[in-house]
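Visitor: Got a sequence here, can you model it:
(one chain, ligands or ions: 1)
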Amino acid sequence: MESRIKSFSEYESHYGSSMQEQESYWGKIAEEFVWKKKWDKVHSGNFNDLNIKWFEGGKLNITENCLDRHLEKRGDKIAVNYEGNQPDSLKHSMTYRELHAEVCKFSNVLTDLGVKKGDRVCFYMAMVPELLVGVLATARIGAIHSVVFGGFSSQALAGRIQDSTCKILVTNDGTFRGGKHIALKGIADEALKNCPSIEKSIVVKRSFQPVEMKEGRDIWWHDQIRDASPKFDAVEMDAEDPLFILYTSGSTGQPKGLVHTCGGYMVYASQTFKNVFQVEQDDTYWCTADIGWITGHTYITYGPLLNGVSTLMFEGVPTYPDAGRFWELIEKYGVTHLYTAPTAIRALMAKGTDLVNKRNLSSLKVLGSVGEPINEEAWEWYNKNIGKENCPIVDTWWQTETGGIMITPLAGITKTKPTFATLPFPGVEPVLMDENGKEYQGNGVSGNLCLKRSWPGIARTIYGDHERYKQTYFSTYPGYYFTGDGCLRDEDGYYRITGRVDDVMNVSGHRIGTAEVEDAINMHDNVVESAIVGYPHEIKGQGIYAYIICQETPKDEALFKKEVLGKVIEVIGPIAKPDKMQVVSGLPKTRSGKIMRRILRKIAEGDTSNLGDTSTLLNPAIVDELKDGAI
Ligand code: 7RM
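Guide: Predicted coordinates:
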């Protein structure tokens, strides 16, 4: 059996053997990698004991698989094409050989700074090639990377650094995103006031804006790397050793640091990349995500490099200098595979097709979608105007926790259907749950999406809190991993993800917990309580609606709202800013004091015709007030 699936019947036989002979199936796939020592056991543990292991006893370093093993055959092939925010300002590429040398150099830098196997290194950076180099160097020396998206605030960054007691921070002076300069170093400095674990902060020059360098703590990347040796023997890692931590929002509390491992994650990232996208040797693949999210980890960094593919890395935004930037870059680099989010598609769709038609997009072969449900209109527009009805669309469903793509078409192999993620990847066993917590049998059903068996890429724990891992994912349906998503399985057995069923929002493809935003708003001195719900938003997928109870009626409501936005920006970052805010005198609560979010969602949606039964509310009269004051 070849690891590359080439037809639908091969998909079926892969799927069958992944279900019937799970261990030998994944064992065969794992054999293609470079292991320093072969594993003793392919898989152990389950969703009850939650002591999940893959390729136990195996020894490896993922960077040897991403870099070293390609040097002989494709050392001079481009690993990364780099495009900066400003057109034609920072165009730059690195071959596999060059990337390997840079990674080795930075591995030496980190080692000389005393970073050891198991230590945590935080990245708060722009989308620059040094981020890729830094992350891989961290993996090469056996340390654990924790990348924090550059749109988070200093408080959010500090919380993440503290949670995993990172020893090193790597940041930029600043970055440009569209017309805006973001002073990353300044934000990082603010965060580091409360991060005693950080010994050194390494600064990469990018925006060339002045920054303050703190004596004894802050050092320049270019000074460090200048004389570093381009040779570094990759540290031997256990398959189950952590590779990285990535924070993600849930329905309660602070973001969770999901832990991914060296062996299983590698196998799953590579196998999904290879088969979902069906990239060929001379192709140029482009994933528009930021490395600060899981999509950027698995499908900019590890998946493509494990497969020896040339990728494009882009610092900017789709709408700068105009909404034709994506199409310009596709033409410029001859992009064959474009992997982006529905929110970007909708934003560009709104700008019409003139900018699209100005460009030659004939290099495109495959289009991808990720991060949120794609509506039919956006799917059709993408298919018609970008793919010219000639490129399969892979609508890929997965999560930070799953490490890689779970439900998806295989490009050109699986028959697609608009808005459907279609079928499970080999090794994945999705089930839908009914209201009684029982599995639905058969097709034409919808329920809560669970996964019934483990796969190599599953996050093994929440950093420092295994109990929370069990509680969050495995307690709703004992013995199953609960995704938090609702899902439909149609008559053909095709899956369509309908969105979160918990208190997690998906705003422009960013995952944001309602509780996090509430906590931030509640920090305003004049706020007693708040409730956040998501509502349908034409471009963002979901917008954020805030109901706020004040201590005292604000004298200047506009000013008050501005201050509330400021709080959210301060505590989380601009990505979590509410789109609408309504000052209210109370919230609809049940007799046990629980907020009836169902009602709040309806009002935020503007659908007040049928609010259901409100008679059980402690304060039914509040509903009219909320309706009348809705924004
Ligand atoms: C990859 C990523 C995960 C949540 C997930 C879903 C939603 C992701 C799709 C999707 C419908 C898709 N990781 N989601 N992909 N919904 N169709 N193809 O986004 O951890 O940041 O978010 O995103 O709700 O649970 S994530």
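Visitor: List the contacts of the closest residue to the ligand within the stretch 1-150 of the chain.
Guide: Residue nearest to the ligand within the stretch 1-150 of the chain (Cβ to the nearest ligand atom): F149, separated by 10.5 Å. Yep, even glycine has a C-beta here, placed from its N, CA and C like the rest. By Cβ atoms under 8 Å, 6 or more residues apart in numbering, the contact list for F149 reads 290, 292-293, 573.
Visitor: Pipe those into CSV and attach secondary structure, distance to L449 and neighbour count per row.
Guide: Shown next, in CSV, are the contacts of F149 (DSSP: H, G, I helix; E, B strand; the rest coil; distance: Cβ to Cβ, whole Å; neighbours: other Cβ atoms under 10 Å):
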residue, secondary structure, distance to L449, neighbour count
D290, coil, 26, 21
G292, coil, 25, 22
W293, coil, 20, 21
G573, coil, 28, 23
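Visitor: wait, which of those residues is closest to the ligand?
Guide: Set against the ligand, the nearest of the contacts of F149 by Cβ to the nearest ligand atom is W293 (5.8 Å).
Visitor: which stretch of helix or strand covers the closest residue in space to the closest one that isn't next to it in sequence?
Guide: Leaving out its chain neighbours, the residue that sits closest to W293 by Cβ to Cβ, 6 or more residues apart in numbering is F149, at 6.4 Å. Element membership for F149, per DSSP states H and E: none, as it lies in no helix or strand.
Visitor: next one: I539
Guide: Assigned by DSSP H and E, I539 belongs to neither a helix nor a strand.
Visitor: Alpha carbons of stretch 163-180, as PDB, please.
Guide: Presented in PDB, the C-alpha positions along stretch 163-180 are these (Å, rounded to 0.1, in the frame of the first residue of the first chain):
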ATOM      1  CA  ASP A 163       1.200  29.500  31.600                       C
ATOM      2  CA  SER A 164       4.000  27.500  30.000                       C
ATOM      3  CA  THR A 165       6.900  29.400  31.700                       C
ATOM      4  CA  CYS A 166       8.800  30.100  28.500                       C
ATOM      5  CA  LYS A 167      12.500  30.800  28.800                       C
ATOM      6  CA  ILE A 168      13.000  32.700  25.600                       C
ATOM      7  CA  LEU A 169      10.900  35.100  23.600                       C
ATOM      8  CA  VAL A 170      11.500  35.700  19.900                       C
ATOM      9  CA  THR A 171       9.800  38.800  18.500                       C
ATOM     10  CA  ASN A 172      10.100  41.500  15.800                       C
ATOM     11  CA  ASP A 173      10.600  45.200  16.100                       C
ATOM     12  CA  GLY A 174       7.300  45.500  14.300                       C
ATOM     13  CA  THR A 175       5.300  44.300  11.300                       C
ATOM     14  CA  PHE A 176       3.100  45.800   8.700                       C
ATOM     15  CA  ARG A 177      -0.300  44.600   8.100                       C
ATOM     16  CA  GLY A 178      -2.000  46.500   5.300                       C
ATOM     17  CA  GLY A 179      -1.600  50.200   6.000                       C
ATOM     18  CA  LYS A 180      -0.900  49.600   9.700                       C
END
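Visitor: Tell me the gap between it and the middle of its chain.
Guide: Stretch 163-180 sits 17 Å away from the centroid of its parent chain (Cα atoms, centre = their mean, to the nearest Å).
Visitor: Quick one: name the residues of the stretch 351-500 of the chain near the ligand.
Guide: 369-373, 395-400, 421, 483-485, 497, 499-500 (Cβ under 6 Å from any ligand atom).
Visitor: Contacts for the lowest-mean-pLDDT helix or strand in the chain, please.
Guide: Least confident helix or strand of the chain, by mean pLDDT, DSSP states H and E, is strand 91-95 with a mean of 88. Outside strand 91-95, the residues that touch it by Cβ under 8 Å, 6+ apart are 75-84, 102, 129.
Visitor: And the residue of the stretch 501-631 of the chain found nearest the ligand, how close does it get to A341?
Guide: For the stretch 501-631 of the chain, the residue closest to the ligand is R511, as judged by Cβ to the nearest ligand atom, at 4.1 Å. Distance of R511 to A341, computed by Cβ to Cβ, to the nearest Å: 12 Å.
Visitor: follow-up on the earlier one: give me the phi and psi angles of the residue nearest to W293.
Guide: Taking degrees, to the nearest 10, you get phi -50, psi 140 for the backbone angles of F149.
Visitor: just to revisit the earlier point, tell me which of the residues of the stretch 351-500 of the chain next to the ligand fall in strands.
Guide: In this view, those that belong to strands under DSSP state E are 369-370, 395-396, 483-485, 497, 499-500.
Visitor: Farthest-apart pair in those residues, please.
Guide: S369 and G484 (19.3 Å; Cβ to Cβ).
Visitor: out of these two, which sits in the busier spot?
Guide: Neighbours were counted for S369 and for G484 using other Cβ atoms under 10 Å; S369 has more, 26 against 21.
Visitor: How about that one, nearest residue that isn't a chain neighbour?
Guide: Distances taken as Cβ to Cβ, 6+ apart put D395 closest to S369, at 4.7 Å, once the chain neighbours are dropped.
Visitor: Enumerate the residues of the stretch 201-350 of the chain near the ligand.
Guide: 248, 293-295.
Visitor: now those in CSV, with pLDDT and secondary structure?
Guide: Formatted as CSV, those follow (pLDDT from 0 to 100; DSSP: H, G, I helix; E, B strand; the rest coil):
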residue, pLDDT, secondary structure
T248, 97, strand
W293, 97, coil
I294, 98, helix
T295, 98, helix
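Visitor: need the contact list for the residue nearest to T261 when sequence neighbours are not counted.
Guide: Nearest non-adjacent residue to T261, counting by Cβ to Cβ, 6+ apart: E240, 5.2 Å away. Taking Cβ under 8 Å, 6+ apart as the criterion, E240 is in contact with 53-56, 261-264, 460.
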